[in-house]
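1. Got a predicted structure plus its sequence, pasted below:
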Amino acid sequence: MINNLFSIKKNNRTISRKYHIIFWLVYFIFNVIRWGSYFDDYWYSIKSNLVEFPLHIVLVYTNVYYFIPKFLITKKYKTYVTLLFLALGLLYTIRTGLNYILVTKNIWPETDAYQQAFTFNHVVAVTIGELYVLALATAIKLTIDWVNQKNRIKTLREEHLKSELNFLKSQIQPHFFFNTLNNLYALTLEKSDMAPDVVLKLSDIMQYVIYDVKKSKVNLLNEIKYIQNYADLELLRCHENAKININLKGNISNAKIPPLVFLSFIENCFKHGNKNNSDFYICIDIEKKENNSLILNIKNSFEPTNPLAKKRLKSGIGNSNTKRRLDLIYKDQYSLKIMETKKVFTVNLQIPLT
C-alpha cells in the first residue's frame, strides 16, 4: 500500500501542480501574518519567510519524493534518518547564513537576549520548526495519496465485478441456446402448442442477459423469473417426469441482488444431476429474513455412484466464479455451504440485502 502511495509518474500525478502552489501560497501568507503579528514587524516577517520558504519546499519535496520512496519504504531506516538529519543540518546552515546576510544580524529575535548562531538551543529550535513543516506537508501528501488509492481500489473492484459478471454471462453455454433452438425446431415440426411459449421464454432470457444484467443490482423477482424460464427450457431435455419447484417466502417485492449470482448453482443442477431419470428433481427455496438477509437453498437429486458429477458439483468453474463475486461484493458478510447427502446435493447461500 505504502509503495503504491509513492508510485508517482509524470503522466499520473496524485496532486495537481496548482494545488501545490495554492498550499505553499496559503502557508506562506499564514506564516507572514503569524510572525508579523508576533514581532509587530510585518516587513521583517515577509523577508525572513522569503528566505526560509524555498528551503522548506526543497526539503519537503526531497523527503517526500526521494528519501521516503528510496530509503524508508525499502526499510533502509538508518540511511533515511542519517540523510534526513544531514539535510536538516545543511538547511540550518544555509538558512542561518542567508538570514544573517539578507534579513537581520539578530539571528534569533524570538528570544529576549541577543543570540548567536550554531548554539545548541538555536539549532534545536530551527530543526523542530523544519520538522514541523516537514511533518505537516508529508501528512497532507500521504492523506491525499491514501484517499486516491482507496478510490483507485474501488474503481478496480468495480471493474473487476464487471469482468466477473461478463464471465458469468459467458458461462451460459452456447449449447444451451443451440439445444433450445433444436427443441424448438422439433416442437414446430410437431406443431406443438408449447412452441410459442418456448419462443417467449427464450426471448425473455436473451433480453435479460443482454440488457438487464448490466446493472450492479437487479430486482429479485426479475432474477427469479429468469431462473424459472431457464429451468423450464432445460426441462425440455430432461425426463418427462422431471420437475422443478421454486418456493418463495417473505416480502421480496423490493429486494435487489447482484445479477446472475444464483445462476451457476442452477446450471450445475442440470449439468450434473441425473436428469434422464424419472425421479430427477430440483427444489429451490428463496426466503427473505426479518434481519434483511436473503437465503437461497437448492436441493437436487444426483447419482452418488458418479464421482465425476460430485466433483464438478462442488468445484465447477461457475461455482468458483460465483464465490469470487460473493467475496468481492460481500467480503465476510455472506455464508455459502455446499453439501452432499446420499442422493441429494444441497447448496445453501445467505447474503445481506443492504
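-> Sure, I can see it.
2. Report the separation between Lys323 and Ser163.
-> 15 Å (Cβ to Cβ, to the nearest Å). Every residue, glycine included, has its C-beta placed from N, CA and C.
3. Same drill for the two, tell me which one is more crowded.
-> Legend: neighbour count by other Cβ atoms under 10 Å for Lys323 and Ser163, higher for Lys323 (14 against 10).
4. okay, and for the stretch 1-150 of the chain, where does confidence drop off?
-> Applying pLDDT under 70 to the stretch 1-150 of the chain flags the ranges 1-14, 105-116.
5. Okay, strands next: where are they in the stretch 101-250 of the chain?
-> Counting by DSSP state E, counting those that start in this stretch, the stretch 101-250 of the chain has strands at residues 218-219, 243-249.
6. TSV for these, including distance to Lys154, mean pLDDT and mean neighbour count?
-> As requested, the strands of the stretch 101-250 of the chain are exported to TSV (distance: least, Cβ to Cβ, whole Å; pLDDT from 0 to 100; neighbours: other Cβ atoms under 10 Å):
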stretch	distance to Lys154	mean pLDDT	mean neighbour count
strand 218-219	21	90	18
strand 243-249	34	91	14
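7. low-confidence ranges in the stretch 201-350 of the chain?
-> The model of the stretch 201-350 of the chain has pLDDT under 70 over residues 304-319.
8. ok, now with 90
-> Scanning the stretch 201-350 of the chain for pLDDT under 90 picks out 201-218, 226, 229-244, 251-254, 258-281, 290-292, 300-332, 338-345.
9. Which stretches in it count as helices?
-> For the stretch 201-350 of the chain, the helices defined by DSSP state H, counting those that start in this stretch occupy 220-235, 263-272, 307-315, 317-330.
10. Quick check: which of the strands of the stretch 101-250 of the chain is nearest to Gly36?
-> Proximity to Gly36 (Cβ to Cβ) singles out strand 218-219 among these, at 62.8 Å.
11. So what are the sheet partners of the closest one and their directions?
-> Partners of strand 218-219 in the sheet, by DSSP bridges, are strand 256-257 (antiparallel).
12. mind listing what the closest residue in space to Ile227 that isn't next to it in sequence touches?
-> Sequence neighbours aside, Ile266 is the residue nearest to Ile227 in space, at 5.7 Å (criterion: Cβ to Cβ, 6 or more residues apart in numbering). The contact partners of Ile266, by Cβ atoms under 8 Å, 6 or more residues apart in numbering, come to 227, 230-231, 282, 284, 298.
13. now Phe23
-> Shown in contact with Phe23 (Cβ under 8 Å, 6+ apart): 137, 140.
14. how near is it to Phe345?
-> 62 Å.
15. ditto for Pro258
-> Pro258 is 23 Å from Phe345, by Cβ to Cβ.
16. Make JSON lines from the helices of the stretch 201-350 of the chain and add distance to Asn182 to it.
-> Putting the helices of the stretch 201-350 of the chain into JSON lines (distance: least, Cβ to Cβ, whole Å) gives the following:
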{"stretch": "helix 220-235", "distance to Asn182": "11"}
{"stretch": "helix 263-272", "distance to Asn182": "16"}
{"stretch": "helix 307-315", "distance to Asn182": "24"}
{"stretch": "helix 317-330", "distance to Asn182": "23"}
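17. domains of the protein?
-> 2-158, 171-352 (automatic domain parsing).
18. Just say which of those is most tucked in.
-> Highest mean neighbour count of those: domain 171-352, a mean of 16 (counted as mean count of other Cβ atoms under 10 Å).
19. Quick one: closest of the helices of the stretch 201-350 of the chain to Lys75.
-> helix 317-330 (31.0 Å).
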